[in-house]
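> pasting the structure only:
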Ligand SMILES: [Ca+2]
């Protein structure tokens, strides 16, 4: 990590990577940034209530891993997305030789492009259907969200089963978003799109309400709607608002490379990659009915960025934590830990930065104020591409550069034999989910009259 060649590699990745990985890499100690950035959470000192994170077991042999997840089917398998177009399975700690999905011929890689994530719906065990997000090799780098089905072999998806649900044209090669996740409380598919790229969102996509770029979208993949291969949830915020794409759940995002739901509460945490100055984590409570505007390009973090057009009249939601580019340069959103092993990690949102490899913890104290702390320096310089959970809730980090995924462990934890994971310092969520957790999305989309037509292809 101290070699000149690695630093040169990191710098090259940063420069070549563009927006997602954009900005200069300057390693400085993390500092309390509240003096510089209004709205930033104070940096906590470890008073013994925080975990002491270290890297645990490593599984190597992957090529450009960019995402880690599980199928929720009781199999215990870990699924790792390889950027060039493969999904690999790790079972019982061993990487299977044969890919689960193998579609590099359809995927344009790399930089910020490629096969970027996979999501397994709550009913995967019965439907055998999964969803992927990738850059189309044959369509000028458009973003594609597709459904695949399992083959007769549970360790192999059927590569011929692809059904394209959504195609979104990309005006530039960077800021392609890339996250898919099913809402734990509503069963809908959430899709994070970038602002389309270049720098400073020159086409103002993130604030353009008819545009799918720079948004988090929410669709119902269990139904169709007219000629659409998906349906618009009737409870989406803008189904009745002229000029808004009805798929929009939230807007004003620059490049939400990774977002996740707290599996226990349904709260949403969004790591939105900044332009040249500020990286941020935005937060949406589970009780939200959608429609939040997270500010870009009017704001970068909590700072004004480009307040032209209608910015002054918009209700913008500032991040709950942010850090400037003299700390690091490209946030990688993580997960609220709900795993079985480490009591002090319970309820802590653990996230990091692609450039520096730093890992932080974020939580609320008993007064519901946010606290943030630096927990680990992984040494994954220009390589901390993603976090991920297995089915039990164990937490992992992907290293894009060396092809490994590594478990995150707490060395302050009591021995496993005496650990009592249900006894934690976690506070109750501020807002409980208002919907009954279910595998079936709510409502009937045929009841909804849309004022603005959705479309499979936005060109
Ligand atoms: Ca923002």
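Arrived safely. Nothing here was measured: the structure is a model prediction, and the numbers come from that model.
> Please count neighbours and contacts with C-alpha atoms only from this point.
OK.
> Pull up the distance across stretch 348-360, start to finish.
9 Å (Cα to Cα, to the nearest Å).
> just stretch 139-155 next, same as before
Using Cα to Cα, the two ends of stretch 139-155 sit 29 Å apart.
> contacting residues around that stretch?
With contact meaning Cα atoms under 8 Å, 6 or more residues apart in numbering, stretch 139-155 is reached by 89, 100, 108, 113, 128-136, 156-159, 161-170, 173, 176.
> Return the subset of the residues you listed lying in strands.
Among the contacts of stretch 139-155, the ones falling in strands (DSSP state E) are 89, 129-135, 157-159, 161-168.
> ok, which residues in the stretch 201-350 of the chain are in contact with the ion?
Applying Cα under 5 Å from the ion, we find that the stretch 201-350 of the chain lies next to the ion at 294, 295, 301.
> What ranges in this protein fall below the confidence cut-off?
Low-confidence segments of the chain (pLDDT under 70): 1-42, 413-459.
> redo that, cut-off 50
For the chain, the stretches with pLDDT under 50 are 1-39, 418-449, 451, 454-459.
> Tell me who's in contact with the most centrally placed residue in the chain.
Against the mean C-alpha coordinate of the chain, by Cα atoms, centre = their mean, the closest residue is residue 258 at 1.9 Å. Counting by Cα under 8 Å, 6+ apart, residue 258 touches 177, 178, 179, 192, 270, 271, 272, 332, 333, 334, 386.
> now the strands: where do they sit in the stretch 301-450 of the chain?
For the stretch 301-450 of the chain, the strands defined by DSSP state E, counting those that start in this stretch occupy 303-304, 321-324, 331-336, 349-353, 358-364, 370-377, 384-389, 395-399, 404-410.
> most packed of these?
Neighbour counts averaged per stretch over those are highest for strand 331-336, at a mean of 29; criterion: mean count of other Cα atoms under 10 Å.
> tilt between it and strand 349-353?
Interaxial angle, strand 331-336 versus strand 349-353 (axes from the mean of the first three to the mean of the last three Cα atoms, to 10 degrees): 160 degrees.
> Residue numbering should commence at 891 henceforth.
Understood, numbering begins at 891; the last thing we discussed is strand 1221-1226.
> Touching strand 1221-1226 from outside, list them.
Strand 1221-1226 has contacts (Cα under 8 Å, 6+ apart) with 1147-1153, 1159-1164, 1169-1171, 1236-1244, 1274-1279, 1285.
> one step back: generate a PyMOL selection restricted to the buried subset of the ones in strands among the contacts of stretch 1029-1045.
Selection of the buried residues among those in PyMOL, burial being defined by 16 or more other Cα atoms under 10 Å:
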select buried, resi 979+1019+1020+1021+1022+1023+1024+1025+1047+1048+1052+1055+1056+1057+1058
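> before we move on, the earlier item: out of the residues of the stretch 1091-1240 of the chain next to the ion, grab the one that's most surrounded.
Counting neighbours by other Cα atoms under 10 Å, the top entry in those is residue 1191, with 33 neighbours.
> hang on, it packs against residue 1170?
Yes - with contact defined as Cα atoms under 8 Å, residue 1191 counts as touching residue 1170 (5.8 Å).
> so what sits against both of the two?
Jointly contacting residue 1191 and residue 1170 under the rule Cα under 8 Å, 6+ apart are 1164, 1209, 1212.
> now the second one, nearest residue through space, not along the chain?
Distances taken as Cα to Cα, 6 or more residues apart in numbering place residue 1172 nearest to residue 1209, at 4.2 Å, with adjacent residues excluded.
> for the last one, same thing?
Leaving aside its sequence neighbours, residue 1212 sits nearest to residue 1170 (Cα to Cα, 6+ apart; 4.2 Å).
> May I have the residues that are in contact with the one you found?
Here residue 1170 is in contact with 1161, 1162, 1163, 1164, 1191, 1209, 1210, 1211, 1212, 1213, 1221 (Cα under 8 Å, 6+ apart).
> For the residue nearest to the centre of the chain, give me phi and psi.
phi -140, psi 130 (degrees, to the nearest 10).
> Same question for residue 1099.
Given degrees, to the nearest 10, the pair of backbone angles that residue 1099 has is phi -80, psi -10.
> ok now do it, which residues does it touch?
By Cα under 8 Å, 6+ apart, the contact list for residue 1099 reads 1133, 1134, 1135, 1141.
> And it, how far from residue 1160?
Distance from residue 1099 to residue 1160, by Cα to Cα: 20 Å.
> again with residue 959
Counting by Cα to Cα, the gap from residue 959 to residue 1160 is 17 Å.
> what do you get for residue 1199?
For residue 1199, the distance to residue 1160 (Cα to Cα) stands at 25 Å.
> Of these two, which one has the most company?
Under the neighbour definition other Cα under 10 Å, residue 1199 and residue 1160 were set side by side, and residue 1160 has more, 27 against 10.
> hang on, the more buried one packs against residue 1145?
No - counting by Cα under 8 Å, residue 1160 does not reach residue 1145; the two are 9.8 Å apart.
> got CSV for the contacts of residue 1099, with secondary structure too?
Formatted as CSV, those follow (DSSP: H, G, I helix; E, B strand; the rest coil):
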residue, secondary structure
1133, coil
1134, coil
1135, coil
1141, strand
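> Give me the buried subset of the residues you listed.
By 16+ other Cα under 10 Å, those give 1134, 1135, 1141 as buried.
> What sits closest to the second one if chain neighbours are left out?
Meaning residue 1135. The nearest residue in space to residue 1135 (Cα to Cα, 6+ apart) is residue 1100, at 4.8 Å.
> ok now do the one you found, which residues does it touch?
1133, 1134, 1135.
> quick one, what contacts the second one?
Shown in contact with residue 1134 (Cα under 8 Å, 6+ apart): 1099, 1100, 1101, 1128, 1342.
> Now secondary structure too, for those residues, in JSON lines please.
Shown next, in JSON lines, are the contacts of residue 1134 (three-state DSSP):
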{"residue": "1099", "secondary structure": "coil"}
{"residue": "1100", "secondary structure": "coil"}
{"residue": "1101", "secondary structure": "coil"}
{"residue": "1128", "secondary structure": "coil"}
{"residue": "1342", "secondary structure": "coil"}
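> quick check, nearest of those to residue 1248?
The closest of the contacts of residue 1134 to residue 1248 turns out to be residue 1101 (Cα to Cα; 33.7 Å).
> What's the separation between residue 1215 and residue 987?
From residue 1215 to residue 987 the distance is 40 Å (Cα to Cα).
> can you check residue 1229 too?
In terms of Cα to Cα, residue 1229 sits 28 Å off from residue 987.
> who's more crowded, the two?
Shown here are residue 1229 and residue 987; by other Cα under 10 Å, residue 1229 has more neighbours (18 against 10).
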